[in-house]
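S.K.: Fold the following and give me the result.
(one chain, ligands or ions: 1)
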Amino acid sequence: MSAAFNGAKYCWMDGRVVETEKALVSAMEPIYLGIFEGIKAYTKDDIGGEGRLFVFSWDQHMDRLWRSAAIDGLKMPYSREELLEGLKVVVEANKFKSNIYIQPRIWPKAGEPEEVHVVIPVWKFNTLLPASNPEFSKSRRFMVSSWRRISSDALPPQAKSWANYANSNLAVREAKRCGYDSAIFLDSRGFVSEGTGACVMSVRDDKLITPPVTASILESVTRNLFLEFVPYDLGITTEVRDLTRAELYASDEAFLCGTGGEVTPITSVDDIQLGGEYPGPVTKRIADYYSEIIAGKVEKYSSRLTPL
Ligand code: PMP
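M.R.: Residues are numbered from 1 along each chain as shown. Model (predicted):
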């Protein structure tokens with residue numbers, strides 16, 4: 001069993017549960033033309049513990065999956081309800097009782113571009129949340145990548161396509177080679193775009209600033225949620241606008257947000273230490289409130305939790 005699957009004996013493939021090791025396709029399949037989603041299911045109340053799992057923001061992820069399919073010209077052969085049913089069956093087969101990552105993958109069949117394969121692999125993960133988790137406060141040094149983020153007039157970052165991650169991979173490899181943990185992209189205009197798999201949020205003078213969708217970013221489910229609760233529930237002024245590299249360097253705090261990275265504090269960019277306290281107080285406040293939402297403790301967002 002590949003370590004990458006972290007204990008997932010079964011996955012769902014083209015309508016049925018199969019052993020992950022036997023989920024095979026021909027080497028001739030054009031997998032690089034595919035799209036995917038990255039979704040998480042958490043145990044409610046105690047999000048690091050054991051218990052019944054709830055998918056977080058299922059509807060929002062399905063909206064984006066269908067939009068990615070529309071952009072890339074793929075036809076979804078299953079309904080959202082059928083995918084959710086498939087997910088439930090595969091979670092049951094794996095007997096998962098703690099946090100899982102879910103990665104529906106869709107790609108056209110070789111020689112039959114009208115038809116697609118649909119696979120739902122699932123695997124376990126350890127959450128960084130809440131802010132009191134020691135993992136949350138680990139040092140994370142970023143560099144501004146010498147690679148620019150792919151732009152909408154060439155390969156649209158708004159679709160969650162595998163091909164886009166070749167760009168991310170170049171940036172991650174460069175960052176590791178240079179001794180950093182990861183990278184932040186600028187867009188083709190030179191403004192801050194996004195991380196290699198998450199969105200950028202900068203805190204300056206107690207305001208939260210994040211680049212717009214037109215800065216070559218993926219339309220992030222997490223970013224959209226933060227744009228709702230940060231101003232309205234936490235009372236923190238929030239701006240969606242172009243952010244310069246220099247502004248990022250001079251942030252009081254900065255973090256990445258996304259389904260995978262949740263809230264990932266940034267210690268430094270290009271060896272420039274951000275602000276004083278690490279992780280910063282606004283970052284911690286946002287991370288703690290996000291943890292509460294995921295745990296189903298914030299009534300107005302409880303409909304984002306779908307039981308498995
Ligand atoms: N940007 C990129 C490039 C990503 O891969 C991700 C992770 N899906 C994000 C942003 C964050 O998106 P989300 O909040 O929907 O996970």
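S.K.: which is the next helix or strand following the helix or strand containing Lys176?
M.R.: Using DSSP states H and E, Lys176 sits in helix 164-177. Next helix or strand after helix 164-177 toward the C-terminus (DSSP H and E): strand 182-186.
S.K.: Return the set of buried residues in the helix holding Lys176.
M.R.: Of the residues in helix 164-177, 164-165, 167-168, 171-172, 175 count as buried by neighbour count, 16 or more other CB atoms under 10 Å. From N, CA and C alone the C-beta is placed, and that goes for glycine too.
S.K.: Quick check: most distant residue from the centroid of the protein.
M.R.: Of all residues in the chain, Gly111 has its C-alpha farthest from the mean position, at 31.0 Å, by CA atoms, centre = their mean.
S.K.: Report the separation between that one and the ligand.
M.R.: Gly111 sits 29 Å away from the ligand, going by CB to the nearest ligand atom, to the nearest Å.
S.K.: ok, which stretches of this structure are helices?
M.R.: 58-72, 80-94, 164-177, 221-232, 245-249, 281-294 (DSSP state H).
S.K.: need these in TSV with distance to the ligand and mean pLDDT, can you?
M.R.: Putting these into TSV (distance: least, CB to the nearest ligand atom, whole Å; pLDDT from 0 to 100) gives the following:
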stretch	distance to the ligand	mean pLDDT
helix 58-72	7	97
helix 80-94	16	96
helix 164-177	6	98
helix 221-232	3	98
helix 245-249	16	98
helix 281-294	11	98
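S.K.: Alpha carbons only: can I get stretch 224-232 in PDB?
M.R.: This file holds the C-alpha atoms of stretch 224-232, laid out as PDB (Å, rounded to 0.1, in the frame of the first residue of the first chain):
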ATOM      1  CA  ASN A 224     -14.900  33.000   0.200                       C
ATOM      2  CA  LEU A 225     -16.000  31.800   3.700                       C
ATOM      3  CA  PHE A 226     -13.400  34.000   5.400                       C
ATOM      4  CA  LEU A 227     -14.600  37.000   3.400                       C
ATOM      5  CA  GLU A 228     -18.000  36.400   5.000                       C
ATOM      6  CA  PHE A 229     -17.200  35.800   8.600                       C
ATOM      7  CA  VAL A 230     -14.000  37.900   9.100                       C
ATOM      8  CA  PRO A 231     -15.800  41.300   8.600                       C
ATOM      9  CA  TYR A 232     -19.300  40.300   9.800                       C
END
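S.K.: re the thing from before, which one of the buried residues of helix 164-177 sits closest to Arg245?
M.R.: Of all the buried residues of helix 164-177, Arg245 sits closest to Ala171, with 14.7 Å by CB to CB.
S.K.: show me the contacts for whichever residue of the stretch 51-200 of the chain sits closest to the ligand.
M.R.: Nearest residue of the stretch 51-200 of the chain to the ligand, counting by CB to the nearest ligand atom: Gly197, 3.8 Å away. Residues near Gly197 by CB atoms under 8 Å, 6 or more residues apart in numbering: 165, 168, 258, 260-261.
S.K.: Tell me which two of the buried residues of helix 164-177 sit farthest apart.
M.R.: Asn164 and Ala175 (17.2 Å).
S.K.: Show me which residues of the helix or strand of the chain with the lowest mean pLDDT are buried.
M.R.: Within the chain, no helix or strand scores below strand 112-120, which has a mean of 91 by mean pLDDT, DSSP states H and E. Buried residues in strand 112-120, defined by neighbour count with 16+ other CB under 10 Å: 116-120.
S.K.: what do you get for stretch 280-300?
M.R.: Buried residues in stretch 280-300 (16+ other CB under 10 Å): 280, 282-284, 286-296, 298.
S.K.: And stretch 49-68, by the same measure?
M.R.: So for stretch 49-68, counting by 16+ other CB under 10 Å, buried means 53-58, 60-62, 64-65, 68.
S.K.: Out of those, which comes closest to Pro104?
M.R.: Leu65 (6.6 Å).
S.K.: Does that closest one touch Pro104 like I think?
M.R.: Yes: between Leu65 and Pro104 there is a contact under CB atoms under 8 Å: 6.6 Å.
S.K.: Tell me the residues that contact both of these two, please.
M.R.: With CB under 8 Å, 6+ apart as the test, Leu65 and Pro104 both reach Glu37.
S.K.: one step back: what's the separation between the residue farthest from the centre of the chain and Val118?
M.R.: Gly111 sits 18 Å away from Val118, going by CB to CB, to the nearest Å.
S.K.: Cool, thanks, talk later.
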